[in-house]
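J.: After the sequence you'll find the predicted model.
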Amino acid sequence: MTAPRIEVSGLTKHFGRVHAVNGLTFTAEPGRVTGFLGPNGSGKTTTLSMLLGLVRPDAGTATVGGRPYADLEQPAMAVGSLLSADFHPAHTATAHLDIARRAIGVPRHRVGETLEMVGLRDSAHRKTGGFSLGMRQRLALAAALLPDPQVIVLDEPINGLDPEGIRWIRQLLRHLASEGRTVLLSSHLLSEVQQTVDDVVIIRRGEAAYSGPLTGLQPSEADRVVLVSTPNNRRLAQALEHAGLEVHGARGDVMRVTGGDPETVGNLAFDSGLPLSHLSTEEAGLEERFLALIGEGESA
Ligand SMILES: Nc1ncnc2c1ncn2[C@@H]1O[C@H](COP(=O)(O)OP(=O)(O)OP(=O)(O)O)[C@@H](O)[C@H]1O
């Protein structure tokens, strides 16, 4: 059975003058982990809340398998979600999951199974009031997984996890997607989810700045900057420009060149009789692309 896909189309929500979500369109496909990324306040939680039928959109649609959440036959069984990791502090982990599983009609044995899955079996009878943030995240994830859902929607599930926890959740989410499920998770850090996700949707001020495979964010050949220095940079610059490359000025003695690979730049220097004192590349990394897309560093 193929899990349903998540489809968001023209989704819009304004709170007074705040355009929280503005014509947002993307899909999250079965068998893939989709990262929903954006800085604080960019509209991630509002979008996921609309997808889960908790906030009514002003315009557009958010559907699971072609239907709004509220119109699904058994929405709480079909879609497992984590929107917050707040629990009654006097409840034990088991009690919390037991209440949740009764509400959605899941058999009792899922409580022990999901606690095991999230690594909380030894804390099953501890009160959640004493849980660390990481433990609360694990418990919230257990609640999302209770119905063994085909679609999993998680708001900032990695927040508060330690490095071992991050490795663990990465493996778990990849495993869930490998079983054909649709997994959508939000984060404000690309670096946090880079090794977990197949696809990314980058949201900036309520609008999609990028939507597609993670590999599509990789810098292209055209973005590559070659750094070069010779005893006569001016002459080399003329040769490079003559050959159709672009010279973007210098940092100290080193010129920044685009439009050609290091081999081409080196050959042109050789042909001009100029010995190289420096030749390297400066690649804009994924993180730089991400920061540029979300407008980091711009004045607000
Ligand atoms: N109920 C509300 N009433 C008024 N404004 C709201 C409401 N919910 C969200 N907003 C505003 O909408 C914008 C988007 O908020 P949202 O919580 O969706 O962003 P986010 O990307 O999830 O951010 P964060 O990572 O900080 O949770 C923010 O400016 C926020 O202040």
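T.: Received, thanks.

J.: what number of residues lie near the residue in the stretch 51-200 of the chain that the ligand sits nearest to?
T.: In the stretch 51-200 of the chain, the residue that lies nearest the ligand is residue 188 (5.2 Å; Cβ to the nearest ligand atom). From N, CA and C alone the C-beta is placed, and that goes for glycine too. By other Cβ atoms under 10 Å, the residues close to residue 188 number 16.

J.: Equivalent analysis for residue 273, please.
T.: The burial count for residue 273: 10, using other Cβ under 10 Å.

J.: Next, find the distance separating it from residue 239.
T.: In this view, residue 273 and residue 239 are 10 Å apart by Cβ to Cβ, to the nearest Å.

J.: same thing with residue 232?
T.: 10 Å.

J.: So if I had to pick from these two, which one is more boxed in?
T.: For residue 232 versus residue 239, neighbours defined as other Cβ under 10 Å are more numerous around residue 239 (18 against 13).

J.: what's the more buried one in contact with, if anything?
T.: With contact taken as Cβ atoms under 8 Å, 6 or more residues apart in numbering, residue 239 is in contact with 268, 269, 271, 272.

J.: what kind of secondary structure is it in?
T.: helix (DSSP: H, G, I helix; E, B strand; the rest coil).

J.: That one and residue 113: what is the separation?
T.: On the measure of Cβ to Cβ, residue 239 and residue 113 end up 68 Å apart.

J.: Show me the shaky parts of the stretch 151-300 of the chain.
T.: The stretch 151-300 of the chain contains residues with pLDDT under 70 at 221-222, 250-251, 283-284, 296-300.

J.: Would you mind listing what in it touches the ligand?
T.: Contacts of the stretch 151-300 of the chain with the ligand, taken as Cβ under 6 Å from any ligand atom, map to residue 188.

J.: start to end distance for stretch 108-125?
T.: 15 Å (Cα to Cα, to the nearest Å).

J.: just stretch 113-122 next, same as before
T.: One end of stretch 113-122 to the other measures 13 Å (Cα to Cα).

J.: what does the average pLDDT come to for it?
T.: For stretch 113-122, mean pLDDT is 95.

J.: Show me which residues of that stretch are buried.
T.: 113, 114, 115, 117, 118, 119, 120 (16 or more other Cβ atoms under 10 Å).

J.: Output these as JSON lines; include the columns distance to the ligand.
T.: Below are those laid out as JSON lines (distance: Cβ to the nearest ligand atom, whole Å):
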{"residue": "113", "distance to the ligand": "30"}
{"residue": "114", "distance to the ligand": "25"}
{"residue": "115", "distance to the ligand": "27"}
{"residue": "117", "distance to the ligand": "26"}
{"residue": "118", "distance to the ligand": "22"}
{"residue": "119", "distance to the ligand": "25"}
{"residue": "120", "distance to the ligand": "25"}
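
J.: out of these, which are inside helices?
T.: 113, 114, 115, 117 (DSSP state H).

J.: can you list those in TSV and add distance to residue 263?
T.: As requested, those are arranged in TSV below (distance: Cβ to Cβ, whole Å):
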residue	distance to residue 263
113	56
114	55
115	57
117	51
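
J.: Can you tell me which of those residues is nearest residue 83?
T.: residue 114 (17.1 Å; Cβ to Cβ).

J.: I'd like to know how many residues surround the residue nearest to that closest one when sequence neighbours are not counted.
T.: Closest residue in space to residue 114, ignoring its immediate chain neighbours: residue 142 at 4.0 Å, by Cβ to Cβ, 6 or more residues apart in numbering. Using other Cβ under 10 Å, the number of residues around residue 142 comes to 25.

J.: In this structure residue 142 contacts residue 116, no?
T.: No: using Cβ atoms under 8 Å, residue 142 is not in contact with residue 116; the gap is 9.1 Å.

J.: Make sure residue 258 is actually in contact with residue 244.
T.: No: the criterion here is Cβ under 8 Å, and residue 258 misses it with residue 244 at 10.9 Å.

J.: Spit out the contact partners of the residue nearest to residue 114.
T.: Taking Cβ under 8 Å, 6+ apart, we find residue 142 in contact with 93, 97, 114, 115, 117, 118, 120.

J.: Ok, residue 227 next?
T.: Per Cβ under 8 Å, 6+ apart, neighbours of residue 227: 251, 254, 255, 256, 257, 278, 279, 280, 281, 282.

J.: Thank you kindly, that will do.
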